[in-house]
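**Student:** heads up, no residue letters with this:
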């Protein structure tokens, strides 16, 4: 039953070119194009400065290490641009049946929990594909950097930390999936494509305000339970900092709070959506 | 009688409105079963309930032996409820492949065969966003039937179709029942279509069944005796409220079993009978009579106290 739900949902989203382009291809394209523009502008500026100061060319001739693409892709896997574009696919997957009035076609063919799990499975796969295309884009960016600057290329894994990379990759992946799950809850409760698109976006915006200028006004600390539980974005940043420790140590117990927050923000939307969907009148798509 | 659907006391309430009001109905296996009723009679609500799209407020029903909403039972059903809608970015063929996956897989040959059978082969690779209502109906029928269901619910399947399409659809529905052994439940406002295609019908009004039976029995019960008589006034006096006038012809509302006695009573009263014949009732007459519908919007329907 789950297999049927996964197959049908995967087939349908694969035919939705707009959703596929936005979720999987647009961010990598922006990374490549934006990166190239940045490289060309930086090179032009650098060349001018070097010529003016009469600096030797060898100064900027260190090899470009392509292995750094791994860290770049994992660390930026859940960047804001990707999250916004992933929401387009999430809205199509989670709210499409309300929008196109197609629940009546598929709900008689499978159990309702399986249908939702099928959609979640497809979104998880899309999130992973989006991260992999981001990784490819990162490689292209680093190769472009070598070509534009004329520096040699290398693939040096000496400083590569596999566990750190895998954990960062996993965190970014969970962050993308979790954003999609908020879209799922919004879609099921509201039956609206627009709500599936904008509720997670609005939530992200509110978190930015809460986590930034409003936090000191409210007297909250990033290490508080309230901050971690109310702001999954903060929990994600906390765990990223725990995986790649900086000079400032993290407060005691904050990692556990952040893990709790991320787990809750994944489990609660799924449980609430499933419970709601199970009782929902699907004739009013 | 083996049944595919058993409904007992089914009620569905929206606020203060009862879309289904203690509905009880058994639908036998095999043949084409028509469901008739004016708009708002509860036909679509019943279909949605049987498909598990909505939950009844009270009562219970079994479909193919399973409780409503049981996927094992509903997977044996095909359905097309009102004008079907599909993801607009998909082609007709892709729609069938997608729904085939949702059903556990349908062979490509079957999909192609159904596209051909509903006349969509040439439009198979066109996106459905450009389809007419009639084409959407055809695709909806193919989607409902390609999984070889045992029971099919078709709600207004000829809506938006051109006359040849309507004829093809009628033939298809009959062949499903006669050749493939599928039980077809058909809702339609086209009473002639129902009369031609269905074996049994149930007439709904205000969420209840007000009459049910074989089409031939229902229309036979509405037969009337047409008499050319003189003097007309005397004949009217003999028959009382069982007689109405159609021009200068008397129409007697008597069953066949009482025809001989009626004619004898007229003759004994000194009425000359020049001609006597039976006027057959059609389903439209039965429908009008049972629902109290006159075709004028807002006309109150007949009481609903003979619900089954």
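**Tutor:** Thanks, I have the structure now. These figures come from a predicted structure and were not determined experimentally.
**Student:** Thought residue A:66 was touching residue A:154, still the case?
**Tutor:** Yes: using CB atoms under 8 Å, residue A:154 is in contact with residue A:66, at 7.0 Å. Bear in mind the C-beta positions are built from the backbone N, C-alpha and C, glycine included.
**Student:** And for residue A:231, the neighbour number?
**Tutor:** Applying other CB atoms under 10 Å in any protein chain shown, we find 25 other residues in the vicinity of residue A:231.
**Student:** give me every residue that touches the closest residue to it other than its chain neighbours.
**Tutor:** Closest residue to residue A:231 in three dimensions, ignoring its sequence neighbours and counting by CB to CB, 6 or more residues apart in numbering or on different chains: residue A:207, at 4.7 Å. Under the criterion of CB atoms under 8 Å, 6 or more residues apart in numbering or on different chains, the contact partners of residue A:207 comprise A:230, A:231, A:232, A:233, A:234.
**Student:** residue boundaries of the strands in the chain?
**Tutor:** This is for chain A. All strands of chain A, identified by DSSP state E, fall at A:64-65, A:153-154.
**Student:** Actually, chain B is the one I wanted.
**Tutor:** Here chain B has its strands, by DSSP E, at B:3-14, B:17-28, B:32-36, B:58-63, B:66-67, B:77-80, B:151-155, B:183-187, B:200-205, B:208-214, B:224-230, B:243-246, B:249-252, B:272-279.
**Student:** And those strands: which comes nearest chain A?
**Tutor:** Comparing the strands of chain B against chain A with CB to the nearest CB, the closest turns out to be strand B:77-80 (6.3 Å).
**Student:** end-to-end on stretch B:220-235?
**Tutor:** Its start and end residues considered, stretch B:220-235 measures 24 Å (CA to CA, to the nearest Å).
**Student:** buried set for it?
**Tutor:** Residues B:220, B:222, B:223, B:224, B:225, B:227, B:229, B:232, B:235 are the ones in stretch B:220-235 that count as buried (16 or more other CB atoms under 10 Å in any protein chain shown).
**Student:** for stretch A:245-262, same thing?
**Tutor:** Of all the residues in stretch A:245-262, those buried under the rule 16+ other CB under 10 Å are A:250, A:254, A:255, A:257, A:258, A:261, A:262.
**Student:** got it, and stretch A:50-70?
**Tutor:** Neighbour-count burial for stretch A:50-70, counted by 16+ other CB under 10 Å, picks out A:64, A:65, A:66, A:67, A:68, A:69, A:70.
**Student:** Mind putting the strands of chain B into CSV with mean pLDDT?
**Tutor:** As requested, the strands of chain B are exported to CSV (pLDDT from 0 to 100):
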stretch, mean pLDDT
strand B:3-14, 93
strand B:17-28, 93
strand B:32-36, 94
strand B:58-63, 93
strand B:66-67, 89
strand B:77-80, 91
strand B:151-155, 93
strand B:183-187, 95
strand B:200-205, 90
strand B:208-214, 89
strand B:224-230, 86
strand B:243-246, 82
strand B:249-252, 86
strand B:272-279, 85
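**Student:** Take these and lay them out in CSV including distance to chain A.
**Tutor:** Output for the strands of chain B, formatted as CSV (distance: least, CB to the nearest CB, whole Å):
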stretch, distance to chain A
strand B:3-14, 9
strand B:17-28, 10
strand B:32-36, 17
strand B:58-63, 10
strand B:66-67, 12
strand B:77-80, 6
strand B:151-155, 10
strand B:183-187, 14
strand B:200-205, 17
strand B:208-214, 20
strand B:224-230, 41
strand B:243-246, 43
strand B:249-252, 44
strand B:272-279, 42
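**Student:** got these as JSON lines, with distance to residue A:186 columns?
**Tutor:** Below are the strands of chain B laid out as JSON lines (distance: least, CB to CB, whole Å):
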{"stretch": "strand B:3-14", "distance to residue A:186": "25"}
{"stretch": "strand B:17-28", "distance to residue A:186": "29"}
{"stretch": "strand B:32-36", "distance to residue A:186": "37"}
{"stretch": "strand B:58-63", "distance to residue A:186": "32"}
{"stretch": "strand B:66-67", "distance to residue A:186": "31"}
{"stretch": "strand B:77-80", "distance to residue A:186": "29"}
{"stretch": "strand B:151-155", "distance to residue A:186": "31"}
{"stretch": "strand B:183-187", "distance to residue A:186": "35"}
{"stretch": "strand B:200-205", "distance to residue A:186": "38"}
{"stretch": "strand B:208-214", "distance to residue A:186": "39"}
{"stretch": "strand B:224-230", "distance to residue A:186": "62"}
{"stretch": "strand B:243-246", "distance to residue A:186": "63"}
{"stretch": "strand B:249-252", "distance to residue A:186": "64"}
{"stretch": "strand B:272-279", "distance to residue A:186": "62"}
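**Student:** Residue A:221: which of the ones you listed is closest?
**Tutor:** strand B:3-14 (50.0 Å; CB to CB).
**Student:** okay, residue B:289: pLDDT?
**Tutor:** pLDDT for residue B:289: 68.
**Student:** Helices of the stretch 1-150 of chain A, residue ranges please.
**Tutor:** Across the stretch 1-150 of chain A, reading from the start of the chain, the helices by DSSP state H, counting those that start in this stretch fall at A:2-14, A:17-20, A:26-53, A:68-75, A:80-99, A:103-106, A:112-149.
**Student:** Give me the nearest residue to residue A:186, chain neighbours excluded.
**Tutor:** Per CB to CB, 6+ apart, closest to residue A:186 is residue A:199, 3.7 Å.
**Student:** Let me see the contact set for that neighbour.
**Tutor:** Residue A:199 sits next to A:182, A:183, A:185, A:186, A:190 when contact means CB under 8 Å, 6+ apart.
**Student:** Could you report the pLDDT at the second one?
**Tutor:** Confidence at residue A:183, expressed as pLDDT, is 96.
**Student:** which ones are touching it?
**Tutor:** A:87, A:90, A:91, A:94, A:95, A:196, A:197, A:199, A:200.
**Student:** How about the contacts made by the nearest residue to it once chain neighbours are set aside?
**Tutor:** Of all residues beyond its chain neighbours, the one nearest residue A:183 is residue A:90 (4.0 Å), with distances taken as CB to CB, 6+ apart. Contacts of residue A:90 were listed using CB under 8 Å, 6+ apart, and they are A:23, A:123, A:179, A:180, A:183, A:184, A:196, A:197, A:200.
**Student:** Which ChimeraX command selects the buried ones in the residues you listed?
**Tutor:** A single ChimeraX command suffices to select whichever of the contacts of residue A:90 are buried according to 16+ other CB under 10 Å:
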select /A:23,123,179,180,183,184,196,197,200
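**Student:** quick one: which of the contacts of residue A:90 is nearest to residue B:99?
**Tutor:** Minimum separation from residue B:99 among the contacts of residue A:90 (CB to CB) is found for residue A:123, which lies at 20.5 Å.
**Student:** Relative to chain B, how far out is residue A:234?
**Tutor:** Counting by CB to the nearest CB, to the nearest Å, the separation of residue A:234 from chain B is 37 Å.
**Student:** That residue is in contact with residue A:211, isn't it?
**Tutor:** Yes: using CB under 8 Å, residue A:234 is in contact with residue A:211, at 5.2 Å.
**Student:** Which one of these two is surrounded by more residues?
**Tutor:** Under the criterion of other CB under 10 Å, the comparison of residue A:234 against residue A:211 puts residue A:234 first, with 24 against 17.
**Student:** any chance of the contacts of residue A:199 in JSON lines, with distance to residue B:101 too?
**Tutor:** What follows is these, written out as JSON lines (distance: CB to CB, whole Å):
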{"residue": "A:182", "distance to residue B:101": "27"}
{"residue": "A:183", "distance to residue B:101": "23"}
{"residue": "A:185", "distance to residue B:101": "25"}
{"residue": "A:186", "distance to residue B:101": "26"}
{"residue": "A:190", "distance to residue B:101": "27"}
